[in-house]
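> Model the following, please.
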Amino acid sequence: MKPPATGIRVNQPYSSSYPPPPQCQAGGAEGKWSTGLCDCCSDVPLCCLTCWCRCITFGRIAEIVDEGAPPCGVSGALYGLVLALTGCQCIYSFFYRLKIKRQYGIPQSKCHDFFVHHWCECCALAQEYRELQHRGFEPSLGWEGSLMRQNQGVAKTTAPMAPDGMHR
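Model prediction:
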């Protein structure tokens with residue numbers, strides 16, 4: 001049997017010789033996540049923060065995705081309010097996953113993404129946080145802090161000095 005274009009054989013059991021599903025591939029290139037959904041333990045402090053206080057993780061993600069407006073505290077408080085009043089915070093956070101996917105060219109799958117946030121909210125938030133870190137942002141610093149950190153790496157250059165006159 002000829003394998004399909006994806007490289008995954010049909011009617012064959014999964015083994016490590018086959019490529020992993022797209023959401024588990026690393027790289028962060030255009031069109032895929034830099035880390036897998038279940039890579040929470042790759043950053044234990046983030047995993048603990050997200051598990052115990054999702055509103056902080058969400059607020060930080062929202063501030064970066066929305067480029068600083070509203071700030072982390074407002075987004076996190078709104079997330080916590082939606083959680084407390086309705087228990088359906090996944091609807092709110094799901095839209096930020098879509099924004100991240102649109103910004104970085106990751107293929108959209110609205111139904112799948114909604115269920116990821118519905119059933120694996122902590123894992124989804126941690127994956128989005130790691131994605132922003134991989135893309136050069138530090139969500140814990142906020143939008144302004146991340147921009148300042150990125151601009152520190154840019155060296156100010158001047159034009160090279162030309163020698164006086166022509167010499168051989």
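
> who does the helix or strand hosting H118 touch, helix- and strand-wise?
Assigned by DSSP states H and E, H118 falls within helix 110-119. With contacts defined as 3 or more C-beta pairs under 8 Å, 6 or more residues apart in numbering; DSSP states H and E, the packing partners of helix 110-119 are helix 89-103, helix 121-134. For glycine as for every other residue, the C-beta is placed from the backbone atoms N, C-alpha and C.

> What mean pLDDT does the last one get?
Mean pLDDT, helix 121-134: 95.

> Same question for the longest one.
Per-residue pLDDT values over helix 89-103 give a mean of 95.

> Need the contact partners of it.
Around helix 89-103, the neighbours that count as contacts under C-beta atoms under 8 Å, 6 or more residues apart in numbering are 54, 58, 61-62, 65, 78-79, 82-83, 106-108, 110, 113-114, 116-118, 121, 124-125, 128, 131-132.

> Can you show me the helices along this protein?
Using DSSP state H, the helices of the chain run over 44-52, 54-65, 72-86, 89-103, 110-119, 121-134, 142-152.

> So for G31, which of those helices sits nearest?
helix 89-103 (9.8 Å; C-beta to C-beta).

> between the helix or strand bottoming out on mean pLDDT in the chain and helix 89-103, how big is the angle?
Using mean pLDDT, DSSP states H and E, the weakest-scoring helix or strand in the chain turns out to be helix 110-119, at a mean of 87. Put simply, helix 110-119 runs at 130 degrees to helix 89-103, going by axes from the mean of the first three to the mean of the last three C-alpha atoms, to 10 degrees.

> buried ones in helix 110-119?
Residues of helix 110-119 classed as buried: 113-114, 116-117 (neighbour count, 16 or more other C-beta atoms under 10 Å).

> Equivalent analysis for stretch 72-88, please.
Here stretch 72-88 shows 72, 75-76, 78-80, 82-83 as buried, counting by 16+ other C-beta under 10 Å.

> right, and out of the residues you listed, which lies closest to L37?
Of all the buried residues of stretch 72-88, L37 sits closest to Y79, with 19.6 Å by C-beta to C-beta.

> Settle this for me: that closest one is touching R54, isn't it.
Yes. Counting by C-beta atoms under 8 Å, Y79 does reach R54; the two are 7.2 Å apart.

> one step back: give me whichever of the helices of the chain is most buried.
Highest mean neighbour count of those: helix 54-65, a mean of 24 (counted as mean count of other C-beta atoms under 10 Å).
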